[in-house]
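*Asks:* Let me see the structure of the following:
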Amino acid sequence: MHRATGSVLTTAFALTLLAEACNRLDRTTEGLSYLTEAEQIIETTNDAFAEAELHRVRGDLLNANGDVAGAELSYQQAIAIAKRQSAKMFELRASTGLARLWRDQGKREEARELLAPVYGWFTEGFDTRDLKEAKALLGACPSSRCSSPSESDSSLDYEQALSPLEYRSDAASAAECAGLRAQGPRLAFHRWAGAGEPGS
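*Replies:* Below is the predicted model of the structure:
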């Protein structure tokens, strides 16, 4: 629908949201295909708004597939793009993804050194999901030690708590995925931004 109406500039972002929804449903191959399409649109339109998020979500999908090296590279690309765009929230999300990956690899100091400066940049918004997730991860990784993933995750369910799309049951996530696909990027952006339905 969004292609038919010529709404291209936000399509890459909508496809990135779809890819993230697919990751929740363990449909990683489908999610990666959405990101490939989104990347092609970004290259064609030079609209880089969704570029950092695209690489972050790709990192999540690759990590879910067991491609740790690919996931790490994607997170690093997301961080670099977010820094170039001065997009601190996107930088925080990507840094949190990479820090979690490093934590799970036992790279505890590296995880904290990466995430702490980005988190420390913020002076407000500490009740938002992204900052709560970063804080919980930092709390689980003090400077000299890090608790096990099971211990640290008990303070905050990362998979359920923190994403542009709120956590839903698998059935509801599938409905969300289908709804985004049917109704296009404008609705996706309004929901992601917390603005409600378009025109409301």
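
*Asks:* which strands and helices sit next to whichever helix or strand residue 61 is part of?
*Replies:* Using DSSP states H and E, residue 61 maps to helix 51-64. If contacts are counted by 3 or more CB pairs under 8 Å, 6 or more residues apart in numbering; DSSP states H and E, helix 51-64 sits against helix 11-24, helix 28-45, helix 68-85, helix 88-104. To be clear about C-beta, it is placed using only N, CA and C from the backbone, and glycine gets the same treatment.

*Asks:* Rounded mean pLDDT for that helix, please.
*Replies:* For helix 51-64, the mean pLDDT works out to 97.

*Asks:* Just the CA atoms of that helix, as CSV, please.
*Replies:* Provided in CSV are the C-alpha atoms of helix 51-64 (Å, rounded to 0.1, in the frame of the first residue of the first chain):
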residue,chain,number,x,y,z
GLU,A,51,19.9,3.7,8.7
ALA,A,52,21.3,3.3,12.2
GLU,A,53,18.2,1.5,13.3
LEU,A,54,18.4,-0.8,10.3
HIS,A,55,21.9,-1.9,11.3
ARG,A,56,20.9,-2.3,14.9
VAL,A,57,17.9,-4.5,14.1
ARG,A,58,20.1,-6.5,11.7
GLY,A,59,22.5,-7.1,14.6
ASP,A,60,19.6,-8.4,16.7
LEU,A,61,18.5,-10.7,13.9
LEU,A,62,22.0,-12.0,13.2
ASN,A,63,22.6,-12.6,16.9
ALA,A,64,19.4,-14.6,17.1
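
*Asks:* List the neighbours of that helix that are in contact with it.
*Replies:* 12-13, 16, 19-20, 22-23, 26, 28, 31-32, 35, 38-39, 42, 68, 70-75, 77-79, 81-82, 85, 87, 90-91, 93-94, 97-98, 101, 164 (CB atoms under 8 Å, 6 or more residues apart in numbering).

*Asks:* show me the contacts for residue 38.
*Replies:* When contacts are counted by CB under 8 Å, 6+ apart, residue 38 is found next to 11-13, 15-16, 19, 50, 54.

*Asks:* just to revisit the earlier point, which of the residues in the helix holding residue 61 are classified as buried?
*Replies:* Neighbour counts over helix 51-64 (16 or more other CB atoms under 10 Å) mark 51-63 as buried.

*Asks:* Make CSV out of the residues you listed and add distance to residue 110.
*Replies:* Below are those laid out as CSV (distance: CB to CB, whole Å):
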residue, distance to residue 110
51, 25
52, 21
53, 23
54, 24
55, 19
56, 18
57, 22
58, 21
59, 16
60, 19
61, 22
62, 19
63, 16
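
*Asks:* helices and strands of this structure: which one bottoms out on pLDDT?
*Replies:* helix 158-161 (a mean of 36; mean pLDDT, DSSP states H and E).
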